[in-house]
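Trainee: Just a sequence and a predicted model for now, questions to come.
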Amino acid sequence: MGEGVSVCCPSCGSRHTLTASVYPCVCGAGVAPALSGDARVEAVTRRAWADEWVTVRCAACAREGQWPRPELGCPCGAMLRIAVEPDTAEPFPPEPFVPGSFAPGSFAPGSVTSGSVTAEPVAAEEPAPERPSHIPLPRTAASPRPGFRPVTIRTARDAVSTAALYLRWLGFKSVVESGEPLETGIRTSGSRTPGVGLRGPDVIAQVDPTTGPASLRSVECLWLNGMNASTTSVYFSLAGYADDARARADDLGLPLFVLDLTGAPQPVNGPAEELVSSGA
């Protein structure tokens, strides 16, 4: 901390000791505003940006910087501000020129020879900091989405409805069911139809409400349909995915979700987590 000075509150007349804070200069030395015991003290009644800062010169490197003006709170409620002594210290004078010497960057006598030029740098410059190879872009979503409200899954129809609601929650518009009608209950893995499709202007989704894991063929067929329609493909499964199907989806960048009976779809691979994070 800097040296303390005694100040008198103009509102209540009580005296206090004000000590200026010490701030770090970029050179590493401490910088503190110079206070005077007979300096004018005033109560702060209105804040202005220009009045909040004071210019102080570092005694070590002569660099001038803007630092907060010293203030003190009185128990009576007044905020006291003390004037800072003007910095009259002169900056470091330039080094005098000595005949026969050479300025930095110039060539010394004898350093120039026929056919070649050699020069030793006066001081090595610090290397520029390396830039990161990748800087992630900021999120561009207009506003955060509200939390998804799950719907308990009791039938295959509930699974399809939950997937459609979840796609709309992600930001996909006009999602409707396509394909053949569903049966009333949860179908077994031996059913002829592997799932029901959902479609929107910018998404194609497959909902598999069977009791067996989704196969590699089902994942690849959905991805091909999405490529053909130039839309995003999303897969929902009630019983999870086969190992080869999940690995293939990771290679294709196809989001995979698992539907639990509480009605809350859970992402199971990286593309699905990215879709939840960024939205449609």
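Mentor: Everything's here; your move.
Trainee: In the stretch 101-250 of the chain, where is pLDDT below threshold?
Mentor: Residue ranges of the stretch 101-250 of the chain with pLDDT under 70: 101-145, 179-194.
Trainee: mind running it again at 90?
Mentor: Where the stretch 101-250 of the chain drops to pLDDT under 90, the residues are 101-159, 173-202, 209-212, 225-230, 238-239.
Trainee: which stretches of it form helices?
Mentor: Using DSSP state H, counting those that start in this stretch, the helices of the stretch 101-250 of the chain run over 156-170, 216-229, 243-252.
Trainee: Kindly export the second one (C-alpha atoms) in CSV.
Mentor: Right, the one you point to is helix 216-229. Taking C-alpha atoms only, helix 216-229 is exported to CSV below (Å, rounded to 0.1, in the frame of the first residue of the first chain):
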residue,chain,number,x,y,z
LEU,A,216,-26.1,-51.1,-39.1
ARG,A,217,-28.3,-51.4,-42.1
SER,A,218,-31.0,-49.2,-40.6
VAL,A,219,-28.4,-46.5,-39.8
GLU,A,220,-26.9,-46.5,-43.2
CYS,A,221,-30.3,-46.4,-44.9
LEU,A,222,-31.3,-43.4,-42.9
TRP,A,223,-28.0,-41.6,-43.8
LEU,A,224,-28.5,-42.4,-47.5
ASN,A,225,-32.1,-40.9,-47.3
GLY,A,226,-30.8,-37.8,-45.7
MET,A,227,-28.0,-37.4,-48.3
ASN,A,228,-30.6,-37.9,-51.1
ALA,A,229,-32.8,-35.2,-49.6
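Trainee: Would you mind getting the angle between that helix and helix 243-252?
Mentor: Relative orientation of helix 216-229 and helix 243-252, computed by axes from the mean of the first three to the mean of the last three CA atoms, to 10 degrees: 20 degrees.
Trainee: Residues in contact with helix 216-229: which ones?
Mentor: The contact list for helix 216-229 (CB atoms under 8 Å, 6 or more residues apart in numbering) reads 194-195, 204-206, 208, 232-233, 235, 241-242, 244-245, 248-249, 252, 254, 256. For glycine as for every other residue, the C-beta is placed from the backbone atoms N, C-alpha and C.
Trainee: rerun that using 10 Å as the cut-off
Mentor: 194-195, 197, 199, 201-206, 208, 214-215, 231-235, 237, 241-249, 251-254, 256 (CB atoms under 10 Å, 6 or more residues apart in numbering).
Trainee: Just the buried ones from those residues?
Mentor: Of the members of the contacts of helix 216-229, the ones counted as buried by neighbours, 16 or more other CB atoms under 10 Å, are 194-195, 197, 199, 203-206, 208, 214-215, 231-235, 237, 241-242, 245-246, 248-249, 252, 254, 256.
Trainee: my guess is residue 17 meets residue 80, correct?
Mentor: No - Residue 17 lies out of contact with residue 80 (CB atoms under 10 Å); the separation is 11.5 Å.
Trainee: For these two, work out which one has more neighbours and name it.
Mentor: It is residue 80, of residue 17 and residue 80, that has more neighbours when counted by other CB atoms under 10 Å, with 21 against 9.
Trainee: Any buried residues in the helix or strand containing that one, and which?
Mentor: Assessed by DSSP states H and E, residue 80 sits inside strand 79-82. Buried positions in strand 79-82, judged by neighbour count with 16+ other CB under 10 Å: 80, 81, 82.
Trainee: right, and out of the residues you listed, which lies closest to residue 174?
Mentor: Lowest distance from residue 174 to those (CB to CB) belongs to residue 81, with 62.0 Å.
Trainee: Spit out the contact partners of that closest one.
Mentor: 7, 18, 40-44, 51-52, 69-72.
Trainee: Can you check the pLDDT for it?
Mentor: Residue 81 carries a pLDDT score of 76 in this model.
Trainee: Now do it against residue 64, distance only.
Mentor: Separation of residue 81 from residue 64 (CB to CB, to the nearest Å) stands at 21 Å.
Trainee: Residue 202 now?
Mentor: Residue 202 is 57 Å from residue 64, where distance means CB to CB.
Trainee: if we can go back for a sec, go through the helices of the stretch 101-250 of the chain and name the closest to residue 276.
Mentor: With CB to CB as the measure, helix 156-170 is the member of the helices of the stretch 101-250 of the chain nearest residue 276 (7.2 Å).
Trainee: Using PDB, write out every CA atom in the closest one.
Mentor: What follows is helix 156-170, C-alpha atoms only, in PDB (Å, rounded to 0.1, in the frame of the first residue of the first chain):
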ATOM      1  CA  ALA A 156     -44.900 -47.200 -29.900                       C
ATOM      2  CA  ARG A 157     -47.100 -44.200 -30.800                       C
ATOM      3  CA  ASP A 158     -45.800 -42.500 -27.700                       C
ATOM      4  CA  ALA A 159     -42.200 -43.100 -28.900                       C
ATOM      5  CA  VAL A 160     -42.900 -41.500 -32.200                       C
ATOM      6  CA  SER A 161     -44.700 -38.500 -30.700                       C
ATOM      7  CA  THR A 162     -41.900 -38.000 -28.200                       C
ATOM      8  CA  ALA A 163     -39.300 -38.000 -31.100                       C
ATOM      9  CA  ALA A 164     -41.400 -35.500 -33.100                       C
ATOM     10  CA  LEU A 165     -41.700 -33.200 -30.000                       C
ATOM     11  CA  TYR A 166     -38.000 -33.400 -29.400                       C
ATOM     12  CA  LEU A 167     -37.100 -32.500 -33.000                       C
ATOM     13  CA  ARG A 168     -39.400 -29.500 -32.800                       C
ATOM     14  CA  TRP A 169     -37.700 -28.600 -29.500                       C
ATOM     15  CA  LEU A 170     -34.300 -28.700 -31.300                       C
END
